[in-house]
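Chemist: here you go, sequence then predicted model.
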Amino acid sequence: MREQNRIQSRRMALCGVMAALSVVILSVGSIIPAATVAGPMMAMICLVPVHCNCGPKTTLLVYAAVSILAVLLCTDKELALFYVFFGWYPALRTRLLALPKALQIVVKCAIYSLMMTAMYAMLIFLFQMQAVVEEFSEYSTVMLAVLLAVGNVTFLLQDFALRQVTALYQRRRRR
């Protein structure tokens with residue numbers, strides 16, 4: 001019984017530390033203008049130890065807590081919403097591994113495209129953020145398609161990084 005309590009305490013501490021680290025990364029990212037995408041991606045990597053030690057349900061709870069704190073504390077709402085729309089991905093990406101490789105890529109690109117479209121639709125139509133509206137009005141349709149394609153490639157690279165960090169973490173944990 002004591003051993004089980006100790007393990008649960010360690011897991012809870014890990015979740016708290018990783019949640020705090022994610023919020024700090026997102027807060028620092030909101031200060032640096034170029035970190036709108038990099039900050040949430042780095043914060044997602046903080047969920048890897050939680051997922052490996054506690055499972056997907058706990059990872060989703062940590063994601064939810066970080067999302068709420070990010071929306072409340074981060075000055076860059078675009079960055080916070082990027083995490084809200086994509087931060088859940090590390091918890092559920094292992095389910096995609098059962099798919100054939102080509103289908104995995106198609107599904108991952110579809111997820112990214114749908115989430116990005118929903119996020120910017122929310123920023124433009126629901127929150128009516130004039131800065132985003134003005135920025136998008138300057139781009140042509142072709143430029144927006146290129147940005148979406150580059151975003152898909154970046155998301156696939158993020159997925160590769162998550163896979164590598166997960167493998168590294170699991171190897172180190174076994175020692």
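Modeler: Yep, that arrived.

Chemist: name the helices or strands packed onto the longest helix seen in the chain?
Modeler: If each helix of the chain is counted by residues according to DSSP state H, the longest one is helix 141-174. The criterion is 3 or more Cβ pairs under 8 Å, 6 or more residues apart in numbering; DSSP states H and E, and the helices and strands that helix 141-174 contacts are helix 38-45, helix 47-54, helix 89-96, helix 101-121. C-betas here are computed from N, CA, C, even on glycine.

Chemist: got a list of what V142 touches?
Modeler: The contact partners of V142, taken as Cβ atoms under 8 Å, 6 or more residues apart in numbering, number zero.

Chemist: next one: it from L14, what distance?
Modeler: Look at V142 and L14: by Cβ to Cβ, to the nearest Å, they are 46 Å apart.

Chemist: and the helices and strands packed on helix 141-174, which one's lowest on average pLDDT?
Modeler: Comparing mean pLDDT across the helices and strands packed on helix 141-174, the weakest is helix 89-96, with a mean of 89.

Chemist: mind listing what's buried in that helix?
Modeler: Of the residues in helix 89-96, Y89, P90, A91, R93 count as buried by neighbour count, 16 or more other Cβ atoms under 10 Å.

Chemist: same question, stretch 119-131
Modeler: Within stretch 119-131, the residues that qualify as buried are M119, Y120, L123, M129, counting by 16+ other Cβ under 10 Å.
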